[in-house]
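S.K.: got a sequence here, can you model it:
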Amino acid sequence: MSSSSTPTTTPYTVPLKEGIPPNHRLHTESTTTIFLPKAGAFLNPVQHYNRDMSVAVIRAWNELRKEELEKKWRTKLEKRGGVVKPKKGKKGAAKAKTEETSEEAALNVDEPVAEATTTGEEQPVAGPSTEKKFRAPSINILEALAATGLRSIRYAKEIPNVKYVLANDLSPSACEAMRRNVEFNGVGEDYEPPAVDGVEGAEAETAVPESEVAVKEDKVTEEKMELDGETKAVNGDKAEAAKPAQAEGEPKDHVGRRPNCRGRVKINEGDACAFMYSHRSPVGPTSRVDVVDLDPYGTAAPFIDAALGCIADGGLLAITCTDLAVLAGQQYPEKCYSNYGGTNVHAEYTHEAALRLVMHSLATCAARYGRYITPLLSFSIDFYVRLFVRIDTRPEQVKRLAAQTGVVYTCQFCQTSVTQPFGKVVEKETAKGVTLDAFKTAAGPTPSHGSSCEECGSTMHLGGPLWLGPLQDSEFAKRVIKDISSQEKEYKTYNRMLGMLTIASQELPDPWFFTANRIAKSLHSSSLPMSKILSALLNAGYKISRSHCVAGAVKTDAPRSFIYDIMREEIKTNPIRMDKITEGSPSRNIINKPMTHKIDFTPHPDASLERSGKETFYQVNPLPNWGPAPRAKSIQVGQEAKRKAGEIVDELEEEEDAETKKARLDEEAAMNA
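M.R.: Sure thing, here's the model as predicted:
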């Protein structure tokens, strides 16, 4: 590939005069192609899934936000008797424009109630009533650590209703690369799209070439299209992009924008925290943004305060932490505490504890400013954790935080856990019959009492503080599933997204999980079939679900004593070698403990956690040295290992397009050169 000119075959890009800069290569993801320096800025291709999921979640959140704002708008309209708020004078309107929040702007949309016509006798006659239509305000997204700008460009191209994506990075070279990539993808502030069949300027962005979308030739003479709050007439025989769909996915414009996506990317070179702090004001030219994406290398702890302060009420925070050695490792409790305000948990469910540690850090940080968080989706993925939470301001809700956070005591031998919240909420009824919430402290064990495991007698270890509330919003997960299922061709990692979201929609809110192998290990016995364990739980009336963290993990609201009663019941028919177990050992203590539950192994019809379709529940590491930047950069494998790795990748992403595959092969060749 020549470095002197931009290839004309690269789809959805704008040719650059200078062509591909020296020591750069092309990298394609979805409909976005960027210049990636062979040295300097780093892009991990395995984060394709992360970016796909982020696009899907923000799209679903945006639709949820629109529905909420429209509901408030209609409620407000009904209170006014169906009459919209009267228009203000020019000066008043200009002043109100700077004072209104995005939500107020949506609730105060001015729509004409009726048009007056006059007869020849100058008598006013009511014309046809026009339907009052809600128009949601546009959103702004801030990516604090944008690097190459790939994620920001994808947000501008693939998320509807976006006005600006604010892409920031401290590195001058990264910002230079972003400017080039933004220009190459036609999403810059000053980019004017070329004319398409006589449609010029901004209107051309909504027009789709005839080669991509069939155009109706008759019947339709004029179609009204809304763009940034203004109604513009477009000839129907020139640009009708709404009906037919392309074979490969949604219809797109000449730079690969999905329908109703007209976002622009603004680039800022500077400190991420300073940039976010500059957007803390509810109103003004640097007012709060609607979405903040934090995806640093390592911990996101230094950026949390600034991020929470610059998000508008109802906004979304997407945050990544890749320091799992600290969050979910067996070492560095002091580092975990300094970063997140809690110590890590030494247990098989340590990756769930990592999510709860980050969530606790977000919740306590938000509470300092009278704000609270609502978890939407939380994932432990590969070598990082990824959380999506909504941010709102309400002092009453902040008071509930003590009941949603606490510590956990964990037995490192048998994995038995005891959670201890810091507070509780008690409902009290007044003399007038009004129910009020009272916030109380919670009783807990003393340092000298409760330090021994009730199952095996081993020492319990303290972990946390951490978040004890739910990590997933089941209804929101189903909303994202519905959205991606209707646009499967737009996501190259669709199978994995569907699998992760399916588990999230089913995952119980109860903390912690267990695996059959780990339970059997505590008793030196063979593992029971999963169907047998699940049948016993369901027959006793307990709930079950998967956990997305570990393959084979089961979440349940059953106590740990019931899990070990299942093993004790099994031992009655399949004895274990007691002569191999030391007297007084924790294993013998569990086996000799009297049973406290009745166990029924009758097969239950719902005792299955197998997948039902093509979703991928748990990812297989597709390449050697799988991990963050240093490990990803050090991939050095022989031809045989590369062949096997390539086969696995092909199985996981069968729908990977030719451009992406070529870019990946070029990258491997460059690394091995």
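S.K.: so residue 160 sits against residue 58, correct?
M.R.: No. Using Cβ atoms under 8 Å, residue 160 is not in contact with residue 58, being 10.0 Å away. The C-beta positions use only the backbone N, C-alpha and C, and glycine is treated the same way.
S.K.: okay, residue 591 and residue 533: tell me how far apart.
M.R.: Here the criterion is Cβ to Cβ, to the nearest Å. By it, residue 591 lies 17 Å from residue 533.
S.K.: of those two, who's got more company?
M.R.: Neighbour count, other Cβ atoms under 10 Å: between residue 591 and residue 533, residue 533 has more, with 23 against 20.
S.K.: tell me what residue 428 is bridged to.
M.R.: residue 436 (DSSP bridges).
S.K.: that one: neighbour count?
M.R.: 9.
S.K.: same question, the one 3 residues further on
M.R.: Neighbour count of residue 431, defined by other Cβ under 10 Å: 5.
S.K.: confidence score at it?
M.R.: Looking at residue 431, its pLDDT stands at 81.
S.K.: repeat that for residue 455.
M.R.: 92.
S.K.: give me the pLDDT value at the residue nearest to it when sequence neighbours are not counted.
M.R.: Leaving aside its sequence neighbours, residue 455 sits nearest to residue 416 (Cβ to Cβ, 6 or more residues apart in numbering; 4.7 Å). In this prediction, residue 416 carries a pLDDT score of 94.
S.K.: and residue 416, backbone torsions?
M.R.: For residue 416, the backbone dihedrals (degrees, to the nearest 10) come out as phi -60, psi 140.
S.K.: isn't it right next to residue 456, touching?
M.R.: Yes. Assessed by Cβ under 8 Å, residue 416 is found in contact with residue 456 at 7.3 Å.
S.K.: the two: which has the busier surroundings?
M.R.: Between residue 416 and residue 456, residue 416 has the larger neighbour count (other Cβ under 10 Å), namely 25 against 22.
S.K.: surely residue 440 and residue 427 touch.
M.R.: No. In this structure, residue 440 is not within contact of residue 427 by Cβ under 8 Å, at 11.2 Å.
S.K.: which of these two has more neighbours?
M.R.: residue 440 (11 against 8).
S.K.: does the more buried one sit in a helix or strand, and which one?
M.R.: Here residue 440 sits within strand 435-441, counting by DSSP states H and E.
S.K.: need the residue closest to the centroid of the protein.
M.R.: The residue lying closest to the centre of the chain (Cα atoms, centre = their mean) is residue 388, at 4.4 Å.
S.K.: show me which positions of stretch 469-484 end up buried.
M.R.: 469-473, 476-481, 483-484 (16 or more other Cβ atoms under 10 Å).
S.K.: longest helix of this protein?
M.R.: The residue-count maximum for a helix in the chain (DSSP state H) belongs to helix 48-79.
S.K.: what about it, distance to the chain center?
M.R.: Here helix 48-79 is found 14 Å from its chain centre; the criterion is Cα atoms, centre = their mean, to the nearest Å.
S.K.: for it, buried residues please.
M.R.: 48-66, 69-70, 73, 77.
S.K.: could you give the mean pLDDT of it?
M.R.: pLDDT averaged over helix 48-79 gives 94.
S.K.: could you give the bridge partners of residue 405?
M.R.: Beta-bridge partners, per DSSP bridges, of residue 405: residue 467.
S.K.: where do the helices sit along the stretch 401-550 of the chain?
M.R.: Here the stretch 401-550 of the chain has its helices, by DSSP state H, counting those that start in this stretch, at 401-404, 474-485, 494-506, 516-522, 530-539.
S.K.: all strands of the stretch 151-300 of the chain, in order?
M.R.: For the stretch 151-300 of the chain, the strands defined by DSSP state E, counting those that start in this stretch cover 162-169, 222-227, 230-235, 264-269, 289-294.
S.K.: neighbours around residue 276, how many?
M.R.: For residue 276, the count of nearby residues is 25 (other Cβ under 10 Å).
S.K.: contacts only, for it.
M.R.: When contacts are counted by Cβ atoms under 8 Å, 6 or more residues apart in numbering, residue 276 touches 142, 144, 292, 303, 306-307, 309-310.
S.K.: can you tell me, leaving aside adjacent residues, what's nearest to residue 354?
M.R.: Residue 354 sits nearest to residue 327 (Cβ to Cβ, 6+ apart), 3.7 Å away.
S.K.: sorry, back to before: any idea how far the residue nearest to residue 455 lies from residue 324?
M.R.: 24 Å.
S.K.: swap in residue 513?
M.R.: Residue 513 is 17 Å from residue 324, by Cβ to Cβ.
S.K.: now swap in residue 436 and tell me
M.R.: 42 Å.
S.K.: and residue 498, by the same measure?
M.R.: According to Cβ to Cβ, residue 498 stands 24 Å off from residue 324.
S.K.: more neighbours: those two, which one.
M.R.: Ranked by neighbour count (other Cβ under 10 Å), residue 498 and residue 324 place residue 498 first, with 22 against 19.
S.K.: how deep is the nearest residue to that one once chain neighbours are set aside tucked in, by neighbour count?
M.R.: Of all residues not flanking residue 498 in the chain, residue 615 sits nearest, at 4.1 Å (Cβ to Cβ, 6+ apart). The local packing of residue 615 (other Cβ under 10 Å) involves 17 other residues.
S.K.: show me the contacts for residue 615.
M.R.: Contacts of residue 615 (Cβ under 8 Å, 6+ apart): 495-496, 498-499, 502.
S.K.: with residue 506 instead?
M.R.: Contacts of residue 506 by Cβ under 8 Å, 6+ apart are 474, 545-546.
S.K.: low pLDDT regions in the protein?
M.R.: 1-9, 39-42, 84-131, 193-249, 446-450, 620-673 (pLDDT under 70).
S.K.: the stretch 501-650 of the chain: strands as residue ranges?
M.R.: Going by DSSP E, counting those that start in this stretch, the stretch 501-650 of the chain shows strands at 514-515, 544-546, 553-556.
S.K.: export those as CSV, with columns for distance to residue 601.
M.R.: Output for those, formatted as CSV (distance: least, Cβ to Cβ, whole Å):
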stretch, distance to residue 601
strand 514-515, 18
strand 544-546, 15
strand 553-556, 16
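S.K.: as a markdown table, these with mean neighbour count and distance to residue 507 would be great.
M.R.: Compiled in a markdown table, these are given as follows (neighbours: other Cβ atoms under 10 Å; distance: least, Cβ to Cβ, whole Å):
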| stretch | mean neighbour count | distance to residue 507 |
| --- | --- | --- |
| strand 514-515 | 22 | 14 |
| strand 544-546 | 21 | 5 |
| strand 553-556 | 23 | 6 |
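S.K.: which one of those lies closest to residue 564?
M.R.: strand 514-515 (10.2 Å; Cβ to Cβ).
S.K.: please report how far residue 389 lies from residue 291.
M.R.: Residue 389 is 11 Å from residue 291, by Cβ to Cβ.
S.K.: what touches both of those two?
M.R.: Residues touching both residue 389 and residue 291 (Cβ under 8 Å, 6+ apart): 316-317.
S.K.: I'd like to know how many residues surround residue 300.
M.R.: Around residue 300 there are 26 residues (other Cβ under 10 Å).
S.K.: what does residue 311 give?
M.R.: Residue 311 has 25 nearby residues by other Cβ under 10 Å.
S.K.: same question, residue 619
M.R.: 17.
S.K.: show me the contacts for it.
M.R.: 49, 381-382, 496, 652.
S.K.: please convert these to a markdown table, extending it with distance to residue 168.
M.R.: Formatted as a markdown table, those follow (distance: Cβ to Cβ, whole Å):
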| residue | distance to residue 168 |
| --- | --- |
| 49 | 24 |
| 381 | 24 |
| 382 | 25 |
| 496 | 29 |
| 652 | 33 |
